[in-house]
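Novice: next come a sequence and a model predicted from it.
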Amino acid sequence: MAIDPPTTGAQLTVDKRSRDRRPEPPSRHGSCLASPRSRRRFPTPVSKPPAKELRMRQAWTFVSCALLGLSLASCDKGTDDIGEQFIVRLSGANEVPPRGTAANGVIGINVRGNRVDYSIEVHGISAITGAHFHTGAAGINGPIRVALYPGPGSNFSSVPSGAVDGQLYEGSFEASDVTGISYQDLLAGFRAGTVYGNVHTSQFPGGEMRGQVQGLR
């Protein structure tokens, strides 16, 4: 049976020195693998999204805030292209006459000079045929002023026939897309609450859910 020799004081000293000795830094030429601490970290380039994408994100942010019941002040931090904001809360009870439907939704609106960016979210609805802004106070039906879905300049001419639950569409329109009244009159209607959003379906061609445009600030 082999017996390990006793550890001498000299061996203890050598062991202690070896434990205390700091590792030699890696050679700059002896190895192609540098230690993690010696690696240089360069920031990853971040490309800024296109201006239109930023505007769409902002309109969608307003929609999300409205759905969550949050104030605009808690949602607009960090945005750099904020204009005048409005919201439309869609419900079948707002139609004239009221519709017996569980469909609901919201439209987020960001007005920036001569352009209006918007995003539409809907729930519990199917066979949508279109969405528009109309002029008319609450309880009064009025004419179409702007097509929202399909929106101006959209590259499709038909809308889905099935159920939609979530974001329906995001887009923009300008003064040339407004019919029957001026662009400034439309914005005045936004501020006065005399413009409403309306979503039409095959079951309710005149509109399944609507809501007045309301200012957020």
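Specialist: Thanks, I have the structure now. Computed from a predicted structure; not experimentally measured.
Novice: the protein: helices as residue ranges?
Specialist: Ranges of helices within the chain are 9-20, 51-68, 183-192, based on DSSP state H.
Novice: OK, contacts around residue 147?
Specialist: 130-132, 173, 177 (CB atoms under 8 Å, 6 or more residues apart in numbering). From N, CA and C alone the C-beta is placed, and that goes for glycine too.
Novice: ok, so of those residues, who is nearest residue 199?
Specialist: residue 131 (4.6 Å; CB to CB).
Novice: could you count how many residues lie near the closest one?
Specialist: For residue 131, the number of neighbouring residues by other CB atoms under 10 Å comes to 29.
Novice: CA atoms only: put stretch 194-208 into CSV for me.
Specialist: What follows is stretch 194-208, C-alpha atoms only, in CSV (Å, rounded to 0.1, in the frame of the first residue of the first chain):
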residue,chain,number,x,y,z
THR,A,194,-68.4,66.4,-35.7
VAL,A,195,-66.4,63.7,-37.6
TYR,A,196,-66.8,60.0,-36.9
GLY,A,197,-65.1,56.8,-38.0
ASN,A,198,-67.3,54.1,-39.4
VAL,A,199,-66.5,50.4,-40.2
HIS,A,200,-68.8,48.8,-42.8
THR,A,201,-69.5,45.0,-43.2
SER,A,202,-71.5,42.8,-45.5
GLN,A,203,-74.0,42.3,-42.7
PHE,A,204,-74.3,46.0,-42.0
PRO,A,205,-73.5,47.9,-45.2
GLY,A,206,-74.3,51.2,-43.5
GLY,A,207,-71.9,50.5,-40.7
GLU,A,208,-71.5,47.9,-38.0
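Novice: list the buried residues in that stretch.
Specialist: If you call a residue buried by 16 or more other CB atoms under 10 Å, then stretch 194-208 has these buried ones: 194-201, 204, 207-208.
Novice: what does stretch 173-182 give?
Specialist: Buried, per 16+ other CB under 10 Å, within stretch 173-182: 173, 177-178.
Novice: what's the average pLDDT for it?
Specialist: What stretch 173-182 shows for mean pLDDT is 97.
Novice: which outside residues touch it?
Specialist: Under CB under 8 Å, 6+ apart, the answer for stretch 173-182 is 114-116, 118, 135, 143-148, 151-152, 183, 186, 189.
Novice: what sits against residue 148?
Specialist: Residue 148 neighbours (CB under 8 Å, 6+ apart): 107, 118, 120, 130-133, 169, 171, 173, 197.
Novice: for residue 168, the count of nearby residues, please.
Specialist: Using other CB under 10 Å: residue 168 sits among 21 other residues.
Novice: which pLDDT value goes with residue 63?
Specialist: Looking at residue 63, its pLDDT is 56.
Novice: filter the contacts of stretch 173-182 down to the buried ones, PyMOL style.
Specialist: Buried residues within these, by 16+ other CB under 10 Å, are selected in PyMOL with:
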select buried, resi 115+116+118+135+145+146+147+148+151+183+186+189
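Novice: now, which of the contacts of stretch 173-182 sits nearest residue 125?
Specialist: Of all those, residue 125 sits closest to residue 148, with 14.5 Å by CB to CB.
Novice: okay, the closest one and residue 91: tell me how far apart.
Specialist: Per CB to CB, to the nearest Å, residue 148 is found 17 Å from residue 91.
Novice: one more: residue 173?
Specialist: Residue 173 sits 23 Å away from residue 91, going by CB to CB.
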